[in-house]
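# Fold the following.
(chains A, B, C and D)
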4 protein chains.
Amino acid sequence: MLKIGIIGATGYVGAEIVRLLALRDDIKITAVVSNSFAGQPFSAVYPSLRGIYDNICEELDLDVISKKADFFITALPHGVSASVIPGLLEKGKRVIDHSGDFRFREVKVYEKWYKLAHKAPDLISKAVYGLPELYRNEIKTASLVADPGCYPTCSILGIAPALKNGIVSHHDIVINAVSGVSGAGRKSDLPYAFCEIDENFKAYGIANHRHTPEIEQELSLICGKTVLVSFTPHLAPIKRGMLATSCLNLINEELSPADIHSIYEDYYRNEPFVRILPLWQTPETKYVAGSNYIDIGITVDARLNKLIVVSALDNLGKGSASQAVQALNIMAGFDETKGLLSSGLYL
Amino acid sequence: MLKIGIIGATGYVGAEIVRLLALRDDIKITAVVSNSFAGQPFSAVYPSLRGIYDNICEELDLDVISKKADFFITALPHGVSASVIPGLLEKGKRVIDHSGDFRFREVKVYEKWYKLAHKAPDLISKAVYGLPELYRNEIKTASLVADPGCYPTCSILGIAPALKNGIVSHHDIVINAVSGVSGAGRKSDLPYAFCEIDENFKAYGIANHRHTPEIEQELSLICGKTVLVSFTPHLAPIKRGMLATSCLNLINEELSPADIHSIYEDYYRNEPFVRILPLWQTPETKYVAGSNYIDIGITVDARLNKLIVVSALDNLGKGSASQAVQALNIMAGFDETKGLLSSGLYL
Amino acid sequence: MLKIGIIGATGYVGAEIVRLLALRDDIKITAVVSNSFAGQPFSAVYPSLRGIYDNICEELDLDVISKKADFFITALPHGVSASVIPGLLEKGKRVIDHSGDFRFREVKVYEKWYKLAHKAPDLISKAVYGLPELYRNEIKTASLVADPGCYPTCSILGIAPALKNGIVSHHDIVINAVSGVSGAGRKSDLPYAFCEIDENFKAYGIANHRHTPEIEQELSLICGKTVLVSFTPHLAPIKRGMLATSCLNLINEELSPADIHSIYEDYYRNEPFVRILPLWQTPETKYVAGSNYIDIGITVDARLNKLIVVSALDNLGKGSASQAVQALNIMAGFDETKGLLSSGLYL
Amino acid sequence: MLKIGIIGATGYVGAEIVRLLALRDDIKITAVVSNSFAGQPFSAVYPSLRGIYDNICEELDLDVISKKADFFITALPHGVSASVIPGLLEKGKRVIDHSGDFRFREVKVYEKWYKLAHKAPDLISKAVYGLPELYRNEIKTASLVADPGCYPTCSILGIAPALKNGIVSHHDIVINAVSGVSGAGRKSDLPYAFCEIDENFKAYGIANHRHTPEIEQELSLICGKTVLVSFTPHLAPIKRGMLATSCLNLINEELSPADIHSIYEDYYRNEPFVRILPLWQTPETKYVAGSNYIDIGITVDARLNKLIVVSALDNLGKGSASQAVQALNIMAGFDETKGLLSSGLYL
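Below you'll find the model as predicted:
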């Protein structure tokens, strides 16, 4: 029985991880850390878990919690993770971190976009970017895995097959993406109030969203060239779900839509959680909400010689919590798909 | 491996049953019957199940399907069930039916409220009302189980402890309840269109909803007196979820709120899916959406000497699909809770 | 041109009043007071009003604002109103107040339910309850009008015709009501966050909601007997809208449904904003959202000899802001319907 | 008093026009034509209008209705409009048409994208594209005005200032846009059912949406070059509202963001319904829902030398119904802003 501690357990990502692990027969959540709700049963904070996970939340005390578990998942704000994780690693713990702190290869990229001095720059080279489709082998033995951002997971997996196979230009990539509101975390700020969000749609973080350099880093590594992307995120009045529409320039006109579709199918042939839709079909967030799947649909605009890729995932699923569980399964030597194969709720 | 056939599989209740059973290691869905979608993969109708349950939907042909499975779940409109089920029973199959056709002890009550001549009145006495909290033993050996209605499940379980223990009057019971839109089924009628439903709230079926006599039948059996209820259903712009607010007259003033709370806790002490909230707390549909749980909260209005019971469930969960699976587990001799213990999605 | 000042203008009720008055040709909003947003243009707080009402919000300074206007509408929290309004009245201003402070005839009722010592008890006898259908004449000359609560407006107007005409018992009145989320005000508290509210439904304030005694006071005055009501409010995931379902016991069985319907039509025959639906039809919140109308539908449950009244209004319309404007029209001698006859948005 | 007939009055666009005109003192709606609801009061179809507009819907009979009004607004499906409008024009009526039938200068473009032979190709040259910001003068005297599509209005007005002033390339324009569900009309098709739409987000019509050539036609006319655009529409779970995010390549790097902002402000300086937001601010659909305004925000991505324009309108407002009323005001010689200056509902 693997003992897991979750730090930052009462945010939406943390709570989703608790939900996913609470009934596992090979994993036991031995510590849930939440400074805000220390002393309260977890199920008082999330009553859906009443009778399922009632353990008491505790404060962050590394000495105490490090005795309770061998693996930790940190779902903390960026900046905070980098100050907590070194202590865990020193005590020999393996860590999956959901902040942006360890996703970047170059500290200066992090510091520029996050406007923050990195608190543990020496750990960056040890961290593995936790996207199993790209780094499965590295994740197996990593002591520190950086759970990717939701927009990067959605965008990178949608664009990777085309870019890797050289069928689209690495220039002028335009990504427009939409997130559910839970992507902002469990916040009580006015802009996230029901009356402000419902029946409303908007763009935000134009030209400066922090997931941009994360997308660019991985796409650059995939094609071996420096990739810059125009990335515009939007907020839709849905709780969960993310959809990215990537507009890519096809390099030549020789490939048929069916050829391109085959390239996509081949690229992900052995991936359990990537589903390539039939040609011309496009995904909807409800196909994946509540699950670890990412659905990808491609359309060729022959008139403009462009490839439009639409990719959809659950920002609390493959975009964060269940992707962390997938990494955990890999790290711990479990079946990678354990506890993750269920479909989400169609409605 | 138990072989199950689902008839009427592409409605919302049927699809939810497929979702719940698709990954079971002790059950195999060997037939999904849908006249509307015969010949199409189930996952083309519900793309969330792509790669998870891709079997082809087939037409209703009793000779064909009865060779494929030993248990059947029918999620058909009322009236249709009663014409299909006799054939299944004759072939020795055990059946769980989700229509209203076999929920009533008296055929005349059915015929009055459903305005329909019953097509198999002789089977009524063999059918067991599939509410495990009331009829667990009968369900075990039944060949025909009538899966209860959503409003009745929600209302009956909320009122039963008080009525059974004689602490409230059986007169003047007023139930106001609210359903999610999926309760109407997978319909394309205009009143269920997004633009007509969203940001809207209404009552419907006042004084004539068909679940009324079902509630009255079971409450009457519980207390041994004829119970009539004022039942007013409402429609809220939510996909799943049901909440019933029952206003009951306390018979005397001697019991403290804590006493009444204890009565409720005792009544359901061994029930795995009924959760009594702490005194004064009230359930919300999001505590139970996507799960088989029903949450019940009680409040005593000392000023009026009334007991207000609020009960919440998922109309596609404990209100239909997962309750049918619970009955299936009982009938088949599986652990009653198999595959049903997960919490739903808090968001 | 009547000069109006709005105090507490940046809450949802205040902003709705600004929206309703901004383009009037007979009224000019000369002061918008908001301590939170003082110094900012009103349209920076509510960008929908950009170019329509861009005046600067100012702090509450009685000496300053009382020179700017002759009428004031206060949309302040209870307790705060009672400390501000005496100063306005002393300066000869006429005031419409939207808090609960001046709605009660008896200070002890207010103090019991609001758990607060009243700060201006001597003004209570001067205040007029601002429900034009009951107190039109008193409103005309009042210097202080208490804008009724949303639940009371919805409940009282739904029950008044039956109670006034003696066709229902004043005992055992059960009201279940549902409000849109804007009823809680422009709050950033977590329970009102989109992710907590959307796709969720709950009851709240059971047996202790402050609108209960307000309903009881007015119903008692209507029938001349002490009326107590069981009132249970609920929260639906809609921004605007309120619906009350009142369950009433018919006193005799001689009246036909058509008779009762006529009683309702007669009672409101000359009311411009009360719409009695045809018999057996029931209102929906979308019929009235964004407007000053209240729609009322009645159903007779002959089986139980009960009358079920469903009434619907917009909690920001007839339930608060536009009802205040209706009172303002009456007080100022304008056509009572000025600026208020538009339908809301069906969608 | 101008007499107006509305043909296709019971769709969402038609009903919104009725709402906008019902209380006008200078216009009288003398005929509402709806084959589906002929014989029923309009307010039975849209109960929000009870007591406000109760006239009876009638069947389409040109001889009858042409005697009732001088102006007609047709809100009919494409193809149908082209068969009805010639008859109206022959009788000397002036017409505003909301279908796609008369929006194109070249019949072959229409026929290619709409896959339909045009039924009145000779009228195309007489029709004026009803975007007042581009064709105000032509609208004044037109006998046939083609009310623009929602996506074209939103996209064209967002891009026009940059393209007209030559600061962006006319190549590689990428538009991603989102519509509310009412854009699909009052349909009872399953994909528009509440349970299928709510909490869901998707793209649709990729590379083949019929509004694409309409956008291209007008942008080409603005800059005098052939413009092709990559246009991807999406569907968000909102009833009303539209937002377009246009990604444009700046031609040089000499202009500061403030310069570009000034270009936008200057371009629309005298337009009553176009609101340019302060630099770096971006519009939200709730700023304009229910109104005739279009809000435009610009952001310069200096890193990529791109201009990101976000424009928002109400697809039932400036995107269809209220824009038709604006054109009507112009055609009839009324104040262009009459009845249209109100803000929508912020919530």
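
# now the helices for chain A?
A:12-21, A:42-45, A:62-66, A:80-90, A:107-114, A:132-141, A:150-164, A:194-197, A:211-223, A:257-267, A:321-332 (DSSP state H).

# With distance to chain C, mean pLDDT and mean neighbour count as extra columns, can I get those helices in TSV?
All C-beta atoms are positioned from the backbone trio N, CA, C, and that covers glycine. Formatted as TSV, the helices of chain A follow (distance: least, Cβ to the nearest Cβ, whole Å; pLDDT from 0 to 100; neighbours: other Cβ atoms under 10 Å in any protein chain shown):
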stretch	distance to chain C	mean pLDDT	mean neighbour count
helix A:12-21	7	98	26
helix A:42-45	11	98	21
helix A:62-66	26	97	15
helix A:80-90	20	97	18
helix A:107-114	24	98	16
helix A:132-141	27	98	17
helix A:150-164	15	98	26
helix A:194-197	4	98	26
helix A:211-223	20	98	22
helix A:257-267	33	98	16
helix A:321-332	14	98	24
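
# so which of those helices gets nearest chain D?
helix A:194-197 (4.8 Å; Cβ to the nearest Cβ).

# The closest one - contacts with which helices or strands?
helix C:194-197 (3 or more Cβ pairs under 8 Å, 6 or more residues apart in numbering or on different chains; DSSP states H and E).

# Please compute how far the helix it packs on lies from its chain's middle.
25 Å (Cα atoms, centre = their mean, to the nearest Å).

# so A:Gln323 sits right up against A:Pro152, yeah?
No. In this structure, A:Gln323 is not within contact of A:Pro152 by Cβ atoms under 8 Å, at 10.8 Å.

# Redo the helices of chain A as a markdown table? Include distance to B:Asp26.
Below are the helices of chain A laid out as a markdown table (distance: least, Cβ to Cβ, whole Å):
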| stretch | distance to B:Asp26 |
| --- | --- |
| helix A:12-21 | 22 |
| helix A:42-45 | 29 |
| helix A:62-66 | 37 |
| helix A:80-90 | 40 |
| helix A:107-114 | 49 |
| helix A:132-141 | 29 |
| helix A:150-164 | 34 |
| helix A:194-197 | 42 |
| helix A:211-223 | 41 |
| helix A:257-267 | 33 |
| helix A:321-332 | 23 |
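
# per-domain residue ranges of chain A.
Following automatic domain parsing, chain A resolves into domains at A:2-147+A:320-332, A:151-313.

# Show me what from chain A comes close to chain C.
Counting by Cβ under 8 Å from any Cβ of the partner chain, the positions of chain A adjacent to chain C are A:12, A:181-182, A:186-190, A:192-199, A:237, A:239.

# Filter those residues down to the buried ones, PyMOL style.
Restricted to buried positions by 16 or more other Cβ atoms under 10 Å in any protein chain shown, the PyMOL selection for those reads:
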select buried, chain A and resi 12+181+182+186+187+192+193+194+195+196+197+198+199+237+239
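
# got a list of what A:Lys119 touches?
Shown in contact with A:Lys119 (Cβ atoms under 8 Å, 6 or more residues apart in numbering or on different chains): A:79, A:82-83, A:101.

# so where do the strands sit in the stretch 201-347 of chain A?
A:202-203, A:229-235, A:242-249, A:274-276, A:294-301, A:306-313 (DSSP state E, counting those that start in this stretch).

# which stretch among the ones you listed comes nearest A:Lys68?
Checking the strands of the stretch 201-347 of chain A against A:Lys68 by Cβ to Cβ gives strand A:306-313 as the closest, at 31.6 Å.

# The closest one: partners in the sheet, and parallel or antiparallel?
Applying DSSP bridges, strand A:306-313 is found paired with strand A:242-249 (antiparallel), strand A:294-301 (antiparallel).

# Now that we have these, can you turn them into JSON lines and tack on mean pLDDT and distance to D:Val64?
Below are the strands paired with strand A:306-313 laid out as JSON lines (pLDDT from 0 to 100; distance: least, Cβ to Cβ, whole Å):
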{"stretch": "strand A:242-249", "mean pLDDT": "98", "distance to D:Val64": "48"}
{"stretch": "strand A:294-301", "mean pLDDT": "98", "distance to D:Val64": "47"}
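
# Relative to A:Asp63, tell me which of these wins on proximity.
Comparing those by their distance to A:Asp63 (Cβ to Cβ), the top pick is strand A:242-249, with 37.8 Å.

# and that closest one, how far out from the chain's middle?
17 Å.

# Distance-wise, check the residue in chain A sticking out farthest from the centre relative to chain D.
Seen from the C-alpha centroid of chain A, the residue lying at the greatest distance (Cα atoms, centre = their mean) is A:Glu254, 34.6 Å away. In this structure, A:Glu254 and chain D are 19 Å apart, going by Cβ to the nearest Cβ, to the nearest Å.
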